[in-house]
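K.L.:
let me see the structure of the following:
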Amino acid sequence: MGSEIIFLSISCTIMIINSVFGDVPKCNREMSLIENFDSMKMAGNWNIMFTGNEEKSKKSCMKTTNDAQVGKLIIEEVGFVEGKNEDLIITVTQIGSTSEFVAKSNEFPLSSVWVVSTDYSSYAVWFLCVNGHKQDGITFICTRDEKPSNEVLKKAQDALLTAGLMIGDDYLFPVDHSNC
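P.N.:
You can find the predicted model right below:
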């Protein structure tokens with residue numbers, strides 16, 4: 001009887017997600033989830049220090065402001081891509097109490113996104129599922145400080161490696177914060 005209740009609970013959750021978000025494509029890559037993830041602690045200002053999106057590798061001064069609500073973040077990303085101003089709003093809705101989210105934006109279709117690792121106060125590593133892209137997604141290393149210590153950056157890069165993601169020059173591109 002216990003397994004029937006768990007199955008029913010999972011089925012109801014999937015039905016609710018599908019009714020709210022429509023069909024979110026299944027990601028080719030699986031990520032470990034952070035249990036009891038506190039999305040409210042992700043509020044505030046973050047600096048995007050590295051991104052795995054080579055098409056936007058000429059980024060500078062990329063920052064996000066996260067407005068946290070229970071189970072949801074409204075992320076405003078601002079900065080420059082190849083010298084042109086970029087302003088993007090992304091809504092991420094938390095799945096259960098884990099670090100898994102569904103992302104919605106005008107720039108890309110509904111997508112799965114995960115916080116791979118964070119300490120909430122100095123760094124956060126995000127992974128946006130994009131099937132067919134290198135590593136089947138785009139990684140982002142964000143920090144609270146505009147000039148984070150090498151130790152903070154190493155923790156973030158180690159988290160990517162632990163998750164089975166690559167960090168070399170073909171996979172992770174620095175964001176220029178020198179003239180912000």
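K.L.:
neighbours of Ser149, how many?
P.N.:
11 (other Cβ atoms under 10 Å). Bear in mind the C-beta positions are built from the backbone N, C-alpha and C, glycine included.
K.L.:
again but with Leu160, I slipped
P.N.:
Neighbours around Leu160, by other Cβ under 10 Å: 22.
K.L.:
just the buried residues of the one helix or strand it maps to, please?
P.N.:
Element membership of Leu160 [criterion: DSSP states H and E] is helix 150-162. In terms of neighbour count (16 or more other Cβ atoms under 10 Å), helix 150-162 has its buried residues at Val152, Leu153, Lys155, Ala156, Gln157, Ala159, Leu160.
K.L.:
what of stretch 162-179?
P.N.:
By neighbour count with 16+ other Cβ under 10 Å, stretch 162-179 contains the buried residues Ala163, Leu165, Ile167, Tyr171, Leu172, Phe173, Val175, His177.
K.L.:
which of these fall in strands?
P.N.:
Among those, DSSP state E puts Phe173 in strands.
K.L.:
turn the buried residues of stretch 162-179 into TSV, columns for distance to Ile34 and pLDDT.
P.N.:
Converted to TSV, the buried residues of stretch 162-179 look like this (distance: Cβ to Cβ, whole Å; pLDDT from 0 to 100):
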residue	distance to Ile34	pLDDT
Ala163	11	88
Leu165	15	84
Ile167	20	81
Tyr171	22	80
Leu172	21	87
Phe173	25	88
Val175	24	92
His177	27	92
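K.L.:
which ones are touching the spatially most central residue of the chain?
P.N.:
For the chain, the residue nearest the mean C-alpha position is Trp126 (3.0 Å; Cα atoms, centre = their mean). By Cβ atoms under 8 Å, 6 or more residues apart in numbering, the contact set of Trp126 is Val113, Trp114, Val115, Val116, Thr139, Phe140, Cys142.
K.L.:
hmm, back to that, can I get the helix holding Leu160 in PDB? Just the C-alpha atoms.
P.N.:
Included here for helix 150-162 are C-alpha records, laid out as PDB according to Å, rounded to 0.1, in the frame of the first residue of the first chain:
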ATOM      1  CA  ASN A 150      40.100  31.700  -6.500                       C
ATOM      2  CA  GLU A 151      38.800  29.400  -3.800                       C
ATOM      3  CA  VAL A 152      35.100  30.300  -4.600                       C
ATOM      4  CA  LEU A 153      35.700  29.700  -8.300                       C
ATOM      5  CA  LYS A 154      37.400  26.400  -7.600                       C
ATOM      6  CA  LYS A 155      34.500  25.200  -5.500                       C
ATOM      7  CA  ALA A 156      32.100  26.100  -8.400                       C
ATOM      8  CA  GLN A 157      34.300  24.400 -11.000                       C
ATOM      9  CA  ASP A 158      34.800  21.300  -8.800                       C
ATOM     10  CA  ALA A 159      31.000  21.100  -8.500                       C
ATOM     11  CA  LEU A 160      30.700  21.000 -12.300                       C
ATOM     12  CA  LEU A 161      33.300  18.200 -12.500                       C
ATOM     13  CA  THR A 162      31.500  16.200  -9.700                       C
END
